[in-house]
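>>> next come a sequence and a model predicted from it.
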Amino acid sequence: MTQQSEHTSCLIIGSGPAGYTAAIYAARADLKPVLYTGMVPGGQLTETTEVDNFPGYPKGITGPELMEDLKAQAERFGTQVRFGTATKADLNSNPKRIWIDETIEITADTVIISTGASAKWLGLPNETRLRMNAGGVSACAVCDGFFYRGQDVAIVGAGDTAAEEATYLSKLCKKVYMIVRRSEMRASKAMQHRVKNTPNIEILWDSVTEDIIGENAVEGVVVKNTTTNESRTLNVTGFFVAIGHKPNTDIFQGQLNMDELGYIDVVGGSSKTNIPGVFAVGDCADKTYRQAVTAAGSGCMGALDAERYLAASGAH
Ligand code: NDP
């Protein structure tokens, strides 16, 4: 039930690098943006440890610290950052209408969607525990692979992401076990070829992960071969999960054009969606790059597109 209603010229939904960067630009353009953080303020980066690949931090920075810095920078120029999750949207109305936690209705001249994507996990109890404690479980080889230089690691998945990340890890690590649940891979033929021809990648076909061993850090992974029913322990220190991501776009289904996986379609080279005044930035519209810095760059584009839209419509 709506208890409160409010209007803004620029509503930003989501608080990852894309959302906060959009906020910095929108606030500096005097759009007085309102940003709702979603359930996980700071987004996926708050679940990583060191971030060594965001430009401007020569000594690295932790994911949570980076997100606090981006939030402070957005607030410095007047962004109202609020805790809350968009639960319903009517993007075809004018102004657009968004409901936050079912209770607050925001009407907005422009909406910048930066709701991100969530990595899928296996759901094993020790996977969750070690992931939360930064204990060697990760869904991003490009972000965290560096920490396992010269060590043995395992990666689960058989799609293009898993194949790409296994190849990436093979350049840093001594040995990479690729745990594939079927007897074939979903990845493109070219990626499969690359994986199969990399000497330090060992593919474990028809295999499922039974458990991850280790109190504070990964010490091993128990894998079962489903054709022989035999289990073995891999002595690895890093465990990567690459079984896909789910873009957080459910509430926009049926209104915004999306691909079959739910990634929002944007007009090439911009953040424009099929609805004028609605822009999509960051991982909710990008299944290819998925990096903090590319998300931040697209957040900037979203704010500039919103500003131009408002100027052209005479609203700003
Ligand atoms: P996909 O959905 O394509 O692949 C997911 C993989 O994880 C599948 O092999 C699937 O197995 C496996 N999997 C799913 N659940 C489990 C589970 N519980 N346990 C074990 N394995 C599991 O996701 P991707 O992230 O790889 O790719 C997403 C999209 O992005 C694709 O369209 C891909 O082509 C694209 N992409 C393109 C790239 C490029 O062109 N350079 C790079 C990366 C991604 P199964 O096959 O048995 O279902």
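Arrived safely.
>>> name the nearest residue to residue 203, ignoring sequence neighbours.
Distance criterion Cβ to Cβ, 6 or more residues apart in numbering; nearest residue to residue 203, sequence neighbours excluded, is residue 178 at 4.8 Å. The C-beta positions use only the backbone N, C-alpha and C, and glycine is treated the same way.
>>> how about residue 192?
Among residues not flanking residue 192 along the chain, residue 185 sits closest, at 5.1 Å (Cβ to Cβ, 6+ apart).
>>> neighbours around residue 87, how many?
14 (other Cβ atoms under 10 Å).
>>> so what pLDDT did it get?
Looking at residue 87, its pLDDT reads 97.
>>> my guess is it meets residue 102, correct?
Yes. Counting by Cβ atoms under 8 Å, residue 102 is a contact partner of residue 87 at 5.3 Å.
>>> do stretch 217-236 and the ligand meet?
No. Judged by Cβ under 6 Å from any ligand atom, stretch 217-236 stays clear of the ligand, getting no closer than 11.0 Å.
>>> in that stretch, which residues are buried?
218, 219, 220, 221, 222, 223, 224, 234, 236 (16 or more other Cβ atoms under 10 Å).
>>> for the closest residue to residue 249 other than its chain neighbours, what are phi and psi?
In space, and not counting its chain neighbours, residue 249 is closest to residue 262: 4.9 Å by Cβ to Cβ, 6+ apart. Phi and psi for residue 262, reported as degrees, to the nearest 10, are phi 100, psi 10.
>>> check the one 4 residues further on too.
Geometry field for residue 266 lists phi and psi as phi -120, psi 150, criterion degrees, to the nearest 10.
>>> residues in contact with stretch 193-206?
Outside stretch 193-206, the residues that touch it by Cβ atoms under 8 Å, 6 or more residues apart in numbering are 163, 166-167, 170, 173-183, 185, 187, 223, 225-227.
>>> so residue 297, which of the three states?
helix (DSSP: H, G, I helix; E, B strand; the rest coil).
>>> ok, now which ones touch the spatially closest residue to it that is not a sequence neighbour?
Excluding its sequence neighbours, the residue lying closest to residue 297 (Cβ to Cβ, 6+ apart) is residue 21, at 7.6 Å. Neighbouring residues of residue 21 by Cβ under 8 Å, 6+ apart: 70, 295, 296, 297, 299, 300, 303.
>>> specify which member of the residues you listed is nearest to the ligand.
Within these, the smallest distance to the ligand is 15.8 Å, found for residue 295 (Cβ to the nearest ligand atom).
>>> quick one: that closest one and residue 106, what's the gap?
In this view, residue 295 and residue 106 are 23 Å apart by Cβ to Cβ, to the nearest Å.
>>> cool, and residue 57?
Separation of residue 57 from residue 106 (Cβ to Cβ) stands at 34 Å.
>>> the more surrounded of the two?
Legend: neighbour count by other Cβ under 10 Å for residue 57 and residue 106, higher for residue 106 (24 against 15).
>>> could you flag which of the contacts of residue 21 are buried?
If we count by 16+ other Cβ under 10 Å, the contacts of residue 21 have these buried: 70, 295, 296, 297, 299, 300, 303.
>>> dump these into a markdown table; add pLDDT and distance to residue 274 as well.
Listed next are these as a markdown table, based on pLDDT from 0 to 100; distance: Cβ to Cβ, whole Å:
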| residue | pLDDT | distance to residue 274 |
| --- | --- | --- |
| 70 | 97 | 29 |
| 295 | 97 | 21 |
| 296 | 98 | 24 |
| 297 | 98 | 22 |
| 299 | 98 | 20 |
| 300 | 98 | 21 |
| 303 | 98 | 19 |
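>>> and the helices in the stretch 1-150 of the chain?
17-28, 63-76, 125-132, 141-144 (DSSP state H, counting those that start in this stretch).
>>> mind putting the ones you listed in JSON lines, distance to the ligand included?
Formatted as JSON lines, those follow (distance: least, Cβ to the nearest ligand atom, whole Å):
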{"stretch": "helix 17-28", "distance to the ligand": "18"}
{"stretch": "helix 63-76", "distance to the ligand": "20"}
{"stretch": "helix 125-132", "distance to the ligand": "11"}
{"stretch": "helix 141-144", "distance to the ligand": "11"}
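>>> got CSV for the ones you listed, with distance to residue 201 too?
Below are the helices of the stretch 1-150 of the chain laid out as CSV (distance: least, Cβ to Cβ, whole Å):
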stretch, distance to residue 201
helix 17-28, 31
helix 63-76, 27
helix 125-132, 21
helix 141-144, 12
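>>> buried deepest among the ones you listed, which one?
helix 17-28 (a mean of 29; mean count of other Cβ atoms under 10 Å).
>>> what sits against residue 256?
Contacts of residue 256 by Cβ under 8 Å, 6+ apart are 91, 113, 249, 264, 265, 273, 274, 275, 278, 280.
>>> next one: residue 221
Residues counted as contacts of residue 221 (Cβ under 8 Å, 6+ apart) are 154, 177, 179, 209, 211, 212, 213, 233, 234, 236, 239.
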